[in-house]
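Asker: Predicted structure and sequence below. I'll ask about it afterward.
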Amino acid sequence: MTSSMVPPTAFPQVEQLMKIAGQFSSTAEVKSVSPLGNGNINSTFLVTVSPVEKSAAARFVLQRINQQVFHQPEQVIQNMVLLSEHLSTQAAELGCRWDTPQVLPTQQGKHFWLDENGEYWRAISFIEDAHVCETVENVAQAEAVGAGLAMFHRLISQMPVHKLADTLPGFHITPTYLAQYEQVLSQLTQLNQDSPPQADQTHYCLEFIKARKSWAHVLEKAKAAEHLQLRPIHGDPKVNNMMMGDNGAAVSLIDLDTLKPGLIHYDIGDCLRSSCNALGEETEDWQHVVFDAELAQAMLRGYLPIAKAFLTDADYEYLYDGIRLIAFELGLRFFTDYLAGNLYFKVRHPTHNLMRALVQFKLTESIEAQEGKLRHIIQALR
C-alpha cells in the first residue's frame, strides 16, 4: 500500500521483542531480533533462532500490525491464512519456483499473539535465497517482474473471492478518493494561501483533477455494468514487493496485508506505475517525470502470455484505463492530503505531498501522451 503513515507506537525494547518472538518458537531458542525492511505501515523484524532440527528454518519474520491502518487485524491475518492454504495446492502447477510467506502459529496454535497493550503480532516464514526488487533497471528485469505478477494472479485466480475480507474498504476505489477530495476542497475558505511557485503548482493540480473528474469513474462504472468482475487481488504490487531469485526470475510477491476482493486492473496499473518511472515517486524534479513505455512493454510481455489463462476480452479493453487511472488516483490522494494539512501520509516538509502529487500527475500526462502506443502494445500481446 502506498502510504507513509507513522506506526502507532515506537519499537518495543529488544527484551520485549525476544519474548514476543518466543511465542512463535516453541522448539527453538530465539537468538536475535532486528528491524527488517523499510516499510512504514507495520513494524517488521527479522528473528533468528537456533532450530533443533537441521531441516527447520533458522529465521522468520515478526510483525506488529498497524491498527491505525488495518482496523480489523484478525481479518488481515485470516486472509493470509486462506491464501497460504490455497497456494499450497496450486504452486506446483507453475513448474517453477514460487514461494508464499506462511503464517506461523503461536505455541497455543493461534495465528497471532495479542500483547498486553492490545497490539497484534504475527510471524511469517522468511523467504531465503531471494532479494527485493527495489527498482526496475532494464527490460529483462521488467519482463521478469511482469511474469511474477502474472504468476501470482494465476495462482489466486481460482481462489473464492467471497471468502476474502475487505481489509481496507474504499482502497483503490477512485470515486471514493474523488469524493474525499471534493469534501476537503469545499471546507477550504481560502485555497491559494501558498506563495509562488506553490500557488501555481496548486492551480495546476486543481485543473488537472477537474479535467479528469468524469473519467475517474471508468473502472467502477465497468464493474457496476458487470463488464469487469471482482477477483482476489494483491492490492499493492509495487515493484519493491516483488522478490527475485538469483537467476533473475521472480519468486514471490510479499506484503500481503492488502489482499482483498478488487479489480485486477488496479494491480496491473500499480505495478507498472511504480516500475516505469525512472525518477521515482519521491523526486522533486517532477517536470521531467516520464512513463517508460519500453519498460511497460517488457512488463506486459512478461505478464500477458501467462495471464491469457484468466483474462477476459473485457479485461483487455480496460487495461490501458487501469494503467492511466492508478497514477491519477495516487496523485489525487497525495494532493487531497496536502490540502487537508498532511494528515495521512508522513511528510518531510510542508509541500512534500504536493510534490508527490505533481510527480503522479506528470506520470499520468506521460501515459496519456502515449495512449496509442500503449493500446497497440496491449493489442499486439493479446
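Answerer: Received it, and whenever you're ready, just let me know what you need. What you see is a predicted model; the values in this text were computed from it and never measured. Numbers count the residues shown, from 1 in each chain.
Asker: switch to C-alpha atoms for all contacts and neighbour counts from now on
Answerer: OK.
Asker: Can you name the residues in contact with the strand or helix carrying residue 266?
Answerer: Assigned by DSSP states H and E, residue 266 belongs to helix 264-275. With C-alpha atoms under 8 Å, 6 or more residues apart in numbering as the test, helix 264-275 has contacts from 135-136, 142, 149, 172, 230-239, 280-281, 291, 295-296, 299, 315, 318-319, 322-327.
Asker: Let me see the domain layout of the protein.
Answerer: 14-127, 139-381 (automatic domain parsing).
Asker: I'd assumed residue 184 was in a strand, is it?
Answerer: No: looking at residue 184 with DSSP: H, G, I helix; E, B strand; the rest coil, it is helix, so not inside a strand.
Asker: shouldn't it be in contact with residue 339?
Answerer: Yes: Residue 184 lies in contact with residue 339 (C-alpha atoms under 8 Å); the separation is 7.0 Å.
Asker: Which one of the two is surrounded by more residues?
Answerer: residue 339 (19 against 15; other C-alpha atoms under 10 Å).
Asker: Tell me how far the more buried one lies from residue 178.
Answerer: Going from residue 339 to residue 178 by C-alpha to C-alpha, to the nearest Å gives 13 Å.
Asker: contacting residues around residue 245?
Answerer: Counted by C-alpha under 8 Å, 6+ apart, residue 245 has contacts 129, 130, 131, 251.
Asker: let's see it at 6 Å
Answerer: 130, 251 (C-alpha atoms under 6 Å, 6 or more residues apart in numbering).
Asker: What residues are bridge-paired with it?
Answerer: Under the criterion DSSP bridges, residue 245 forms beta bridges with residue 130.
Asker: On the pLDDT front, check it for me.
Answerer: Per-residue pLDDT puts residue 245 at 94.
Asker: Which helix or strand contains the spatially most central residue of the chain?
Answerer: Note on the chain: the residue nearest the mean C-alpha position is residue 236, at 1.5 Å, using C-alpha atoms, centre = their mean. For residue 236, there is no host helix or strand (DSSP H and E).
Asker: Pull up the gap between it and residue 276, please.
Answerer: Taking C-alpha to C-alpha, one finds residue 236 at 16 Å from residue 276.
Asker: what about the protein, any weak spots by pLDDT?
Answerer: 1-11, 26, 38-41, 52-56, 91-94, 189-197 (pLDDT under 70).
Asker: which residues in it form helices?
Answerer: For the chain, the helices defined by DSSP state H occupy 14-22, 73-87, 139-156, 174-187, 198-210, 218-224, 264-275, 293-307, 313-317, 319-340, 352-369, 371-381.
Asker: So which bits of the shortest one are buried?
Answerer: Buried residues in helix 313-317, defined by neighbour count with 16 or more other C-alpha atoms under 10 Å: 315, 316.
Asker: Excluding its own residues, what touches stretch 101-118? List them.
Answerer: With C-alpha under 6 Å, 6+ apart, stretch 101-118 has contacts from 23, 24, 26, 84, 120, 121, 122, 123, 124, 125.
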